[in-house]
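Engineer: 3D model of this:
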Amino acid sequence: MSPAGSFPLHRDGLALPWLVSVRWTGVLALGGAVAAGVRGFGGPDSLSVPILIVLSAASNAWLSIRLSRGRLLPLRAAGLITAADVLVLSWVLHETGGVLNPASIFYLVYIVLAALALGRSWAWSIALLSIAGYGLLFLFPPEGLATAGAMHPEIGLHVRGMWLAFAAVALLIALLVGRLVELVERRDRDLSELRERSARDARLAAMSTLAAGAAHELNTPLGTIAVAARELELELERLAADGELLSDVRLIRSEVDRCRRLLQDMSARISEPQGEAVAPLTLATLADRLVRELTPAERRRIRLAMPDTVEVVWPAGVVVRTLVNVVRNGLQASAPDGLVTVTADPDDRDILVRIVDTGRGMSPDELARAGEPFFTTKAPGEGTGLGLFVARSSVEQLRGSLTIESREGAGTTVTIRLPVDVAAPLSPS
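Structural biologist: Numbers count the residues shown, from 1 in each chain. This is a model prediction of the structure:
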């Protein structure tokens, strides 16, 4: 992420260079406006115009230095600088021919710049400021325009029409360019999410192969160690050996059994089939299957609230295994008597399943890493850190999403969003 108050990351490489380039062009336009005014209207009556042009050039030189050093510019500062440029343009035009000065078209450039680089709010602000600045020029028309209006009244109607046309074009530019920028940003986000999802799928496939190979290669030597340790334990018991030695042998057996369980669990979690056929079922049926997968002690600590009559088209086994993974995480994170609530609610064409625990919650750093393979907040030996990773991968393969909200001391909420029918063709967006 970019620093607070700075341009968003995807604009860092464009916004400040654009602003600097446009402002150098703006300085030239101001000089052109003065030249046109001198040639057609006698030029400005005070030194304020050249002073403003020099200040604009100096400020842009400062921005150029920042750009050469790779430093970001806060969004508010960039917006205020652009707004100041609009005011400077308005004053220079007022002093050099007003609405008759052709440099007035440069208002539109600032509006486009704001829409492209500064975001929607600044685009509308700069558009309204430009409309107001251009409108004020009509309130103080140059002598030539006032004389022509007195001789030909229709000129006054034409001038008012020019302002209305400018206002309409300015607002239209702010709307269309801003909308175009939003569409490009949305496409970039979608592409970024697609790349992340592809990377997770690749990791899942790699770990599936690794888990299967590890389980196969290590199962035999671990089994041999377990048998040898058991024989040694029996022999020590027969000889009434030292209790500490016997305790060490039993510890070896216990740790070997734990290694075998971890390997089996890792292999089962990652290698479980995701290609199960989809079929219609109700959320009540899904809730029953979820409960049957839990132990009696776990069942006493969950509260289910799912609509009985809502029907979905899901691969029931995959979804149930996903829910079991998340629910057990919540149970382990909560106190021994803490509850976990599972709710399901229809939302447009999706179903939102929320699993809320009463645990200690997660710190921002833990929350940022939640779902990474082999990352866990559990005590050593209590988990492999794969449950949430596999759950998210399973949900995403079903065109859904899994999000996590958590604060320290306030528990954790996992929200799973799945289409009502995961097999239905995607509708065009």
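Engineer: look up how far residue 248 lies from the residue located most distally from the centre of the chain.
Structural biologist: Computed with Cα atoms, centre = their mean, the residue of the chain farthest from its C-alpha average is residue 239, at 65.9 Å. Separation of residue 239 from residue 248 (Cβ to Cβ, to the nearest Å) stands at 15 Å. The way it works is simple: take the backbone N, C-alpha and C, and place the C-beta from them, glycine included.
Engineer: what's the burial count for residue 279?
Structural biologist: Residue 279 has 11 neighbours, counted by other Cβ atoms under 10 Å.
Engineer: just residue 183 next, same as before
Structural biologist: Applying other Cβ under 10 Å, we find 10 residues neighbouring residue 183.
Engineer: is it in a helix, a strand, or coil?
Structural biologist: At residue 183 the chain is in helix, as set by DSSP: H, G, I helix; E, B strand; the rest coil.
Engineer: can you check residue 191 too?
Structural biologist: Secondary structure state of residue 191, per three-state DSSP, is helix.
Engineer: contacting residues around it?
Structural biologist: Not one residue lies near residue 191 by Cβ atoms under 8 Å, 6 or more residues apart in numbering.
Engineer: shaky segments in the protein?
Structural biologist: Residue ranges of the chain with pLDDT under 70: 1-16, 36-46, 72, 141-160, 197, 200-217, 241, 261-276, 371-386, 426-429.
Engineer: tell me how far the residue nearest the centre of it lies from residue 301.
Structural biologist: In the chain, the residue lying closest to the centroid (Cα atoms, centre = their mean) is residue 189, at 7.2 Å. Look at residue 189 and residue 301: by Cβ to Cβ, they are 38 Å apart.
Engineer: before we move on, what about residue 335?
Structural biologist: Distance from residue 335 to residue 301, counting by Cβ to Cβ: 10 Å.
Engineer: more crowded one of those two?
Structural biologist: For the pair residue 335 and residue 301, the greater number of neighbours falls to residue 301 (19 against 12), based on other Cβ under 10 Å.
Engineer: residues in contact with stretch 280-300?
Structural biologist: Contacts to stretch 280-300, defined as Cβ under 8 Å, 6+ apart, come from residues 302, 304, 306-314, 316, 319-321, 323-324, 327-328, 331, 342, 344, 351.
Engineer: and if you look at stretch 225-240?
Structural biologist: With contacts defined as Cβ under 8 Å, 6+ apart, stretch 225-240 is touched by 245, 246, 249, 250, 252, 253, 256, 257, 260.
Engineer: just the CA trace of it, in PDB.
Structural biologist: Extracted C-alpha coordinates of stretch 225-240, given in PDB (Å, rounded to 0.1, in the frame of the first residue of the first chain):
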ATOM      1  CA  ILE A 225      10.500 -46.600  14.500                       C
ATOM      2  CA  ALA A 226       7.100 -47.000  16.100                       C
ATOM      3  CA  VAL A 227       7.400 -50.800  16.100                       C
ATOM      4  CA  ALA A 228      10.900 -50.700  17.500                       C
ATOM      5  CA  ALA A 229      10.000 -48.200  20.200                       C
ATOM      6  CA  ARG A 230       7.000 -50.400  21.200                       C
ATOM      7  CA  GLU A 231       9.300 -53.500  21.400                       C
ATOM      8  CA  LEU A 232      11.800 -51.500  23.500                       C
ATOM      9  CA  GLU A 233       9.000 -50.300  25.800                       C
ATOM     10  CA  LEU A 234       7.800 -53.800  26.400                       C
ATOM     11  CA  GLU A 235      11.300 -55.100  27.100                       C
ATOM     12  CA  LEU A 236      11.900 -52.200  29.500                       C
ATOM     13  CA  GLU A 237       8.600 -53.000  31.300                       C
ATOM     14  CA  ARG A 238       9.600 -56.700  31.600                       C
ATOM     15  CA  LEU A 239      13.000 -55.800  33.000                       C
ATOM     16  CA  ALA A 240      11.400 -53.200  35.400                       C
END
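Engineer: identify each buried residue in it, please.
Structural biologist: Within stretch 225-240, the residues that count as buried by 16 or more other Cβ atoms under 10 Å are 225, 226, 229, 232, 233, 236.
Engineer: do a quick rundown of the strands in the stretch 301-429 of the chain.
Structural biologist: Per DSSP state E, counting those that start in this stretch, the stretch 301-429 of the chain carries strands over the ranges 302-305, 311-314, 340-347, 350-356, 401-406, 412-419.
Engineer: now these in TSV, with distance to residue 100 and mean neighbour count?
Structural biologist: As requested, those are arranged in TSV below (distance: least, Cβ to Cβ, whole Å; neighbours: other Cβ atoms under 10 Å):
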stretch	distance to residue 100	mean neighbour count
strand 302-305	71	15
strand 311-314	68	19
strand 340-347	58	17
strand 350-356	59	20
strand 401-406	58	17
strand 412-419	59	20
